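1. next come a sequence and a model predicted from it.
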Amino acid sequence: MQIAIASGKGGTGKTTLSVNLATLLSQQISEDITILLADMDVEEPNSGLFLKGELLRSEVKYRMVADWDEKRCTFCERCANICEFNAIAYLGISVMVFPELCHSCYACSDLCPEDALPMIPRRMGETKEYRLTDRLYFMESRLDIGVEQATPLIEQSRKHIEESSTENTIVIIDAPPGTSCPVIEAVKDADIVLLVTEPTPFGLHDLTLAVDTMQELKKPIAVVINKYGIGNRDVEKYCADKQIPVIGKIPNLKEAAMMYSKGEILVDSIPEIRKEIANIYQNIIKLTKSNQ
Amino acid sequence: MKVLIAAKNEGWDAMVSDRFGRAPGFSVYDSDTQKLTWHSNADNLQAEHGVGIQAAQIAASHKAEVVITGGNFGPKASEVLQKTGARLIDYAGNITVKESIEKYIG
């Protein structure tokens, strides 16, 4: 099973829920199951701040980009005209390829009559896998500084997860914020998407965007309200109107905020939150069963 | 010599655009004929990425020796334009196309 944890708005508690749900499950669930927490917010992965483990493997990730071979080029301009992403500048006496704009579609490379645009690997980041306990594994992908496109690294990370998991693995995805390509890529394999929000007008506004995105993707969704107790009841009203299940309300506790700021796990020391997160998991099970 | 000016509109009295890649269009001034021709940039205004490259390519296709904008050139546009050897004039000021030619070309 794969559970993705997303949100529209940033800072609502995706990582808090991800690391605490993963930790709790690894302590509670039956022995033949392992938990793999995967931080797919490759532009700023932060789940790792809360988890210490033994490094199992580290892999550099590349993607293919077009490269110009001056010796073969006959300056026909076809490549610049065909590129959908404006990644190629044709200057009559020269051709420039901007690898940061290249989307690895191979069109220029395949259609160049002179084979003057070979595809070459370009480093984009790293994926690391850790073992925290016999039951809890953690994977993190991190985009290199200055690399513009997050989606190709997330796509490769999805494949990495596929290789590292079995039917006895519960995969928890800590997704990037927002509603654009990186999130869509991160939740692709998810059986259910939990949308974490806060009960404020900002939280509600971005929740509606996230709900629209996930419904467009036809993903089963459920909402978790974090920092419950602040703001107003509009998020609950919205979910009731839209018939979206609210499967958890994590209370707004100063103690939780203090522990979070120190990089500590909440389920180990705040019983109220442990109970709520256990409850969230029970609700996920119910929902995924009824969806099948 | 040809001069390409990023402009908000067609004609001598249009203001110089402070955006280059996303300028509404480009006026190309030919110092030999002293004529001005207009090159709309409408296609690029819709593009998500790489408009600076496209705009610089337009300058290259006209063989512009001088390129003027009211703001600055983006990093990719500059990279392409430097390759063409054009003289780049940024922050030309809040002036018309005509004034920019008088001021910088004479």
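-> Nice, thanks for sending it over.

2. would you confirm that residue A:85 belongs to a strand?
-> No. Under DSSP: H, G, I helix; E, B strand; the rest coil, residue A:85 falls outside any strand and is assigned coil.

3. check contacts around it.
-> By C-beta atoms under 8 Å, 6 or more residues apart in numbering or on different chains, the contact set of residue A:85 is A:101-103, A:105, B:49-50. For the C-beta atoms, the positions are set from N, CA and C on the backbone; glycine is no exception.

4. and residue A:153, how far from residue A:125?
-> 5 Å (C-beta to C-beta, to the nearest Å).

5. so what sits against both of those two?
-> A:42, A:61, A:141, A:143, A:147.

6. got a winner among those for most neighbours?
-> Counting neighbours by other C-beta atoms under 10 Å in any protein chain shown, residue A:42 leads those with 29 neighbours.

7. and it, what's its pLDDT?
-> Reading off the confidence values, residue A:42 has pLDDT 97.

8. buried sites along whichever helix or strand residue A:62 is part of?
-> Under the criterion DSSP states H and E, the helix or strand holding residue A:62 is strand A:54-66. By neighbour count, and taking 16 or more other C-beta atoms under 10 Å in any protein chain shown as the criterion, the buried residues in strand A:54-66 are A:61, A:63-66.

9. touching chain B at all, whichever helix or strand comes after it?
-> Where DSSP H and E defines the elements, the next helix or strand beyond strand A:54-66 is helix A:78-82. Yes. Counting by C-beta under 8 Å from any C-beta of the partner chain, chain B is contacted by helix A:78-82 at residue A:80.

10. equivalent analysis for stretch A:100-109, please.
-> Yes. Contact of stretch A:100-109 with chain B is found when judged by C-beta under 8 Å from any C-beta, involving residue A:101.

11. lowest-scoring secondary structure element of chain B by mean pLDDT?
-> For chain B, scoring each helix and strand by mean pLDDT, DSSP states H and E identifies helix B:42-46 as the least confident one, at a mean of 89.

12. restrict that one to CA atoms and write it as PDB.
-> Output of helix B:42-46 as PDB, limited to C-alpha atoms (Å, rounded to 0.1, in the frame of the first residue of the first chain):
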ATOM      1  CA  ALA B  42       3.100  37.600 -29.500                       C
ATOM      2  CA  ASP B  43       4.100  33.900 -29.800                       C
ATOM      3  CA  ASN B  44       6.700  34.200 -27.100                       C
ATOM      4  CA  LEU B  45       4.400  35.900 -24.600                       C
ATOM      5  CA  GLN B  46       2.500  32.700 -24.300                       C
END
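
13. who are the contact partners of the residue in chain B that chain A sits nearest to?
-> Across chain B, no residue is closer to chain A than residue B:50, which sits at 2.4 Å (C-beta to the nearest C-beta). With contact set as C-beta under 8 Å, 6+ apart, residue B:50 has these partners: A:85-87, A:98, A:101, B:76.

14. any figure for the gap between it and residue B:88?
-> When residue B:50 is compared with residue B:88 (using C-beta to C-beta), they lie 19 Å apart.

15. also residue A:165?
-> Applying C-beta to C-beta, the value for residue A:165 to residue B:88 is 53 Å.

16. and residue A:194, what element?
-> Element membership of residue A:194 [criterion: DSSP H and E] is strand A:192-197.

17. name the residues of the helix or strand just after that strand that come out as buried.
-> Proceeding C-terminally, strand A:192-197 gives way to helix A:201-216 as the next helix or strand, assigned by DSSP H and E. Along helix A:201-216, these residues count as buried under the neighbour rule (16+ other C-beta under 10 Å): A:203-204, A:206-207, A:210-211, A:213-214.

18. strands paired with the strand holding residue A:62, and their directions?
-> As defined by DSSP bridges, the strand partners of strand A:54-66 come to strand A:119-131 (antiparallel).

19. helix or strand right after the strand it pairs with?
-> Where DSSP H and E defines the elements, the next helix or strand beyond strand A:119-131 is strand A:136-143.

20. export that next one to PDB, keeping only CA atoms.
-> Coordinates of the C-alpha atoms in strand A:136-143 are reproduced here as PDB (Å, rounded to 0.1, in the frame of the first residue of the first chain):
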ATOM      1  CA  LEU A 136      11.500   1.300   9.300                       C
ATOM      2  CA  TYR A 137      13.300   2.400   6.200                       C
ATOM      3  CA  PHE A 138      13.700   5.900   4.900                       C
ATOM      4  CA  MET A 139      14.500   7.200   1.400                       C
ATOM      5  CA  GLU A 140      15.300  10.700   0.400                       C
ATOM      6  CA  SER A 141      15.900  12.300  -2.900                       C
ATOM      7  CA  ARG A 142      17.700  15.700  -3.000                       C
ATOM      8  CA  LEU A 143      18.000  17.900  -6.000                       C
END
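
21. for it, which positions count as buried?
-> Counting neighbours by 16+ other C-beta under 10 Å, strand A:136-143 gives A:136-143 as buried.

22. widest-spaced pair of those?
-> Based on C-beta to C-beta, the longest span within the buried residues of strand A:136-143 runs between A:136 and A:143 and measures 24.4 Å.

23. what segments of chain B are strands?
-> Under the criterion DSSP state E, chain B contains strands at B:2-7, B:25-30, B:35-40, B:66-68, B:87-89.

24. quick one, which of those gets closest to residue A:227.
-> Among these, strand B:2-7 sits nearest to residue A:227 (C-beta to C-beta), with 47.6 Å.

25. show the average pLDDT along the closest one.
-> Summarised as a single mean, pLDDT over strand B:2-7 is 97.

26. and it, what does it pack onto?
-> Under the contact criterion of 3 or more C-beta pairs under 8 Å, 6 or more residues apart in numbering or on different chains; DSSP states H and E, the helices and strands touching strand B:2-7 comprise strand B:25-30, helix B:51-61, strand B:66-68, helix B:97-104.
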